[in-house]
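> I would like the atomic coordinates for the input below:
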Amino acid sequence: MKKWALSLALTILTCFCVQSNAASLSQDITGTYAGRVTSVVMNGDAVSKSRFEGKTFTFSVLREKDGYSLAGHLEFNGGPAHHVISLPATRVLFTLAPDGQIVRGRGKGHISIKVFRFVSALNKDFNITSIRGKVVDGQLTFTIQVVIPDYKDGYTASFSFTGRKQ
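Next up is the predicted model:
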């Protein structure tokens with residue numbers, strides 16, 4: 001009888017702790033993360049890291065019905081071309097594994113490239129092909145890979161970010 005009561009008490013305590021940890025995880029990761037872009041590759045060509053040095057970028061993690069969304073934008077100059085990669089709220093969705101890994105990432109975004117800031121060279125939505133990363137201890141890291149299927153036989157791009165929760 002004592003073993004049964006102890007077993008029941010431990011089971012209830014375990015369930016409470018699991019629910020408590022899951023709730024705190026979902027509350028802890030939503031918010032704005034400020035940090036740096038660690039790499040950008042545009043159609044196979046790495047963009048010089050000097051384009052991002054000293055710049056702070058922000059991305060937000062928002063709670064959604066079935067997980068989370070990622071929102072923000074990346075803006076930089078590559079020679080005479082001005083690039084803006086946007087991840088609008090609720091269009092980039094993911095779920096979070098118990099260890100903080102980003103899983104089942106999917107969605108769409110938008111890219112705009114203007115030469116000399118006024119001649120539009122590209123202004124299209126893209127499909128996200130992969131999101132890898134994690135959200136642990138107030139730090140968000142991710143790499144997003146995208147493709148624009150109807151531009152130059154499948155224009156690809158990727159970028160990586162690491163930041164701390166504000």
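> make it CA atoms for all contacts and neighbour counts henceforth
Fine.
> so residue 89 touches residue 73, yeah?
No. Under the criterion of C-alpha atoms under 8 Å, residue 89 makes no contact with residue 73, lying 10.4 Å away.
> show me what contacts the residue lying closest to residue 83 once chain neighbours are set aside?
The shortest distance from residue 83 to any non-neighbouring residue, by C-alpha to C-alpha, 6 or more residues apart in numbering, is to residue 113 (4.6 Å). Residue 113 sits next to 81, 82, 83, 84, 120, 121, 122, 123 when contact means C-alpha atoms under 8 Å, 6 or more residues apart in numbering.
> cutoff 6 Å now
The contact partners of residue 113, by C-alpha atoms under 6 Å, 6 or more residues apart in numbering, come to 82, 83, 121, 122.
> quick check: residue 151 vs residue 163, distance?
31 Å (C-alpha to C-alpha, to the nearest Å).
> with residue 106 instead?
Counting by C-alpha to C-alpha, the separation of residue 106 from residue 163 is 21 Å.
> ditto for residue 48
20 Å.
> the more surrounded of these two?
Here residue 48 and residue 163 are set side by side on neighbour count (other C-alpha atoms under 10 Å), and the busier one is residue 163, at 21 against 12.
> hang on, that one in a strand?
Yes. Counting by DSSP: H, G, I helix; E, B strand; the rest coil, residue 163 is located in a strand.
> ok, it touching residue 142?
No. Counting by C-alpha atoms under 6 Å, residue 142 is not a contact partner of residue 163; they are 9.4 Å apart.
> ok, back up a step: let me know the closest of the contacts of residue 113 to residue 28.
Distance ranking of these against residue 28, using C-alpha to C-alpha, places residue 83 first at 31.7 Å.
> next structured bit after the host helix or strand of residue 69?
If you go by DSSP states H and E, residue 69 is part of strand 67-78. Moving toward the C-terminus from strand 67-78, the next helix or strand (DSSP H and E) is strand 81-87.
> tell me what whatever helix or strand comes next after that next one is packed against?
Next in sequence after strand 81-87, counting helices and strands by DSSP H and E, comes strand 92-96. With contacts taken as 3 or more C-alpha pairs under 6 Å, 6 or more residues apart in numbering; DSSP states H and E, strand 92-96 sits against strand 67-78, strand 102-115.
> all set, thanks.
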